[in-house]
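I would like the atomic coordinates for the input below:
(one chain, ligands or ions: 1)
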Amino acid sequence: MKPIKSAEFIKSSAEVGECPAGDKPEYAFIGRSNVGKSSLINLLTNHSKLAKVSSKPGKTQLINHFLIDESWYLVDLPGYGWAKVSKSQKASWKKMIAGYFETRENLTNVFVLIDSRLEPQRIDLEFVTSLGQAGMPITLIFTKVDKRGANKAQSNIAAFRKILKKEWEELPLHFMTSTVTGQGKDDIIGYIREINEG
Ligand code: GDP
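Sure, this is the predicted structure:
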């Protein structure tokens, strides 16, 4: 798999109306805080610091656009599930994310990241279900599937899928990643390229 050649930060937007022109296919990454999103974005793009690892709660929540290989956008969306955010911060996150999902027409796929070390979390199940109900094309990424704890990860993933199966006719595709071993990197890049090449 040829690695990504170039990854360039374009801009941070406080709302969908500020995002760059939607003239390229766009792939969004989202998940609970601490799920490993920044680490994964840095792994995929071969940058050690493209996405900022562990941004603090309470900071302005922004939609970050990165231009990849001059042909598609990778979007780092603000995560959910911070332990200590106020009601009004939660509401403004919801509004921003809903606005983005509803109006961003070039949005091709949403990757929802889930921590494979945890048993199925209600917040993740609810988020995935809400996207599914809205008809959003989604792919799950189970993160932190390192060698140590691989069995636990497998059983957490199976449990998550089992719960989804009760309501979903067809389960979304999923990948497993580890930023320690690099697992999943080529699969995700290959998957995006395949869609882009249509
Ligand atoms: P974010 O808040 O979703 O952007 O998560 P970060 O990328 O900041 O990662 C949160 C924590 O999980 C950091 O301490 C990372 O080093 C760690 N982490 C992220 N990905 C992995 C992984 O694949 N394996 C392991 N073992 N730790 C990871």
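
Would you quantify the distance from the residue nearest in space to the middle of the chain to residue 110?
Taking C-alpha atoms, centre = their mean, the centroid of the chain lies closest to residue 29, which sits 2.2 Å from it. According to C-beta to C-beta, to the nearest Å, residue 29 and residue 110 sit 8 Å apart. The C-beta positions use only the backbone N, C-alpha and C, and glycine is treated the same way.

just residue 73 next, same as before
To residue 110, residue 73 is 13 Å away according to C-beta to C-beta.

got it, and residue 81?
In this view, residue 81 and residue 110 are 16 Å apart by C-beta to C-beta.

Looking at those two, which one has more neighbours?
Using other C-beta atoms under 10 Å, the more surrounded residue of residue 81 and residue 110 is residue 110, with 23 against 16.

ok so, going back, give me the number of residues near the nearest residue to the residue nearest to the centre of the chain once chain neighbours are set aside?
Nearest residue to residue 29, sequence neighbours excluded (C-beta to C-beta, 6 or more residues apart in numbering): residue 111, at 4.9 Å. By the criterion of other C-beta under 10 Å, residue 111 has 27 neighbours.

Can you tell me the SS state at residue 111?
Counting by DSSP: H, G, I helix; E, B strand; the rest coil, the backbone at residue 111 sits in strand.

same thing with the one 3 residues further on?
Using three-state DSSP, the three-state assignment for residue 114 comes out as strand.

ok, it - contacts?
31, 32, 35, 121, 124, 128, 140, 141, 142, 143, 160 (C-beta atoms under 8 Å, 6 or more residues apart in numbering).

Backbone dihedrals for residue 70, both of them.
Dihedral pair for residue 70: phi 50, psi 20, per degrees, to the nearest 10.

Give me the neighbour count for the nearest residue to residue 115 once chain neighbours are set aside.
Using C-beta to C-beta, 6+ apart and skipping residues adjacent in sequence, the residue nearest residue 115 is residue 35, 5.0 Å away. Neighbourhood size, residue 35 [other C-beta under 10 Å]: 27.

you'd agree residue 35 is up against residue 143?
Yes: Residue 35 lies in contact with residue 143 (C-beta atoms under 8 Å); the separation is 5.6 Å.

from memory residue 182 sits against residue 43, does it?
Yes: in this structure, residue 182 is within contact of residue 43 by C-beta under 8 Å, at 6.7 Å.

Pick out whichever of those two has more residues nearby.
More neighbours surround residue 43 than the other of residue 182 and residue 43, with 22 against 10 (other C-beta under 10 Å).

Sketch out the helices for the chain, chain order is fine.
Assigned by DSSP state H, the chain shows helices spanning 37-45, 87-103, 122-133, 150-165, 185-197.
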